[in-house]
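Asks: Dropping the sequence and predicted coords here.
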Amino acid sequence: MVNSKLLWAEAFSLAAAPIANSPWHTDLEAASAASVISQRPVLLVFYAHWSEGCKRIESDVFTSAEAMALLTACYEPLRVNVDQQPNLAKKHNVSHLPAAVVLGPDGSSLDRFDCPET
């Protein structure tokens, strides 16, 4: 299994040109279906537009082609807006933003990571 904390640390350290198209799945069902086929876990990234930590990850990590290539090689990524999907955030005990939860192809929780704010 991929070490989620190590992967996040690696993603934070990468810097590259912005990417034109985002590889994010549009909903949990699509990410889960892709996970079953690829056997890669789903990476739920919980965020809110008002969170400064989330804004930093968006600008420093998710605009990096290298970081996104690393994330998509290891995961089926899905961003979850906690204001639009509070029940999903509650289900995964998200109380800090940004946060990430790794789900196995069967939907079981494999790991979680509260991302640093600074």
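Replies: Right, received. Where do you want to start?

Asks: helices and strands around the host helix or strand of Leu78, which ones?
Replies: According to DSSP states H and E, Leu78 maps onto strand 76-81. Packing partners of strand 76-81 (3 or more C-beta pairs under 8 Å, 6 or more residues apart in numbering; DSSP states H and E): helix 28-38, strand 42-47. Any C-beta I mention is one placed from the backbone N, CA and C, and that applies to glycine too.

Asks: pLDDT on the shortest one, on average?
Replies: Averaging pLDDT along strand 42-47 gives 96.

Asks: and the helix or strand just after that strand, how far from the chain's centre?
Replies: Proceeding N to C from strand 42-47, the next assigned helix or strand is helix 52-60, under DSSP H and E. Counting by C-alpha atoms, centre = their mean, to the nearest Å, helix 52-60 is centred 12 Å from the centre of its parent chain.

Asks: average pLDDT across helix 52-60?
Replies: Mean predicted lDDT for helix 52-60 stands at 90.
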